[in-house]
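Visitor: Build me a model:
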Amino acid sequence: MNLKCVLVLVVVFIGFVVAPAYTCDVIKPARTAVEYAAELVRQADSIVIVKALSYTTNVAALKWGSDGEPEPRVRFQVLEVLKGRPLGGELVLPGFLADVDDFNTQQPPYTGVRSGGFRGNCFADEYRRGGIFLLLLKAKGNAAYTARWASLAPINEQVQGKDDPWVLWVRGRLR
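Guide: So this is what the prediction gives:
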């Protein structure tokens, strides 16, 4: 084979390997951390404090759908609605339950996702069973919500409770 054929094969191979990959769609950061976090709070249709309870069905494997969203669904107890209409006592979102904490190591206002969001799919899809989370949600229609609307953003952070510094910061932006 001559050099041109080898180069063409290499380019075609790279095209097939790279084509299915995608990058995270990140909301353009504002000039400051405060402006960025405030924009996330403003864009959220609902902001809630929840407790991760259980899967909605038996889960045999940790699987992702073709759209990159986790197939299992996690049931959350709604502890408080900070923004948006009442959601009732429970909320169900795609995700996985974990046995370890995953708190964000930044100081509020957060400008990035907790460590679970850096595992390759741009979102922190794991929730500590029994853990408390502050969710910034977007409406999906038909009374459904998603916590997967801003890649690598602090939109579903594990918190210590209603007096957690991140909760207090977000609450302060809602006044």
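Visitor: list the contacts for Trp111?
Guide: That one is not Trp; residue 111 is Thr. The neighbourhood of Thr111, defined by C-beta atoms under 8 Å, 6 or more residues apart in numbering, consists of Pro29, Ala33, Tyr36, Ala37, Pro154. Heads up, the C-betas are built off the backbone N, CA and C, glycines and all.
Visitor: tell me which element it is part of?
Guide: Using DSSP states H and E, Thr111 falls within no helix or strand.
Visitor: how near is it to Leu135?
Guide: Distance, Thr111 to Leu135, using C-beta to C-beta, to the nearest Å: 18 Å.
Visitor: TSV for the contacts of Thr111, including secondary structure?
Guide: As requested, the contacts of Thr111 are exported to TSV (DSSP: H, G, I helix; E, B strand; the rest coil):
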residue	secondary structure
Pro29	coil
Ala33	helix
Tyr36	helix
Ala37	helix
Pro154	coil
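Visitor: now these: which count as buried?
Guide: Neighbour-count burial within those applies to Ala33, Tyr36, Ala37, Pro154; the criterion is 16 or more other C-beta atoms under 10 Å.
Visitor: Nearest to Glu90 among those?
Guide: Here the nearest of these to Glu90, counting by C-beta to C-beta, is Pro154; it sits at 23.2 Å.
Visitor: Distance check, that closest one against Phe76.
Guide: 17 Å.
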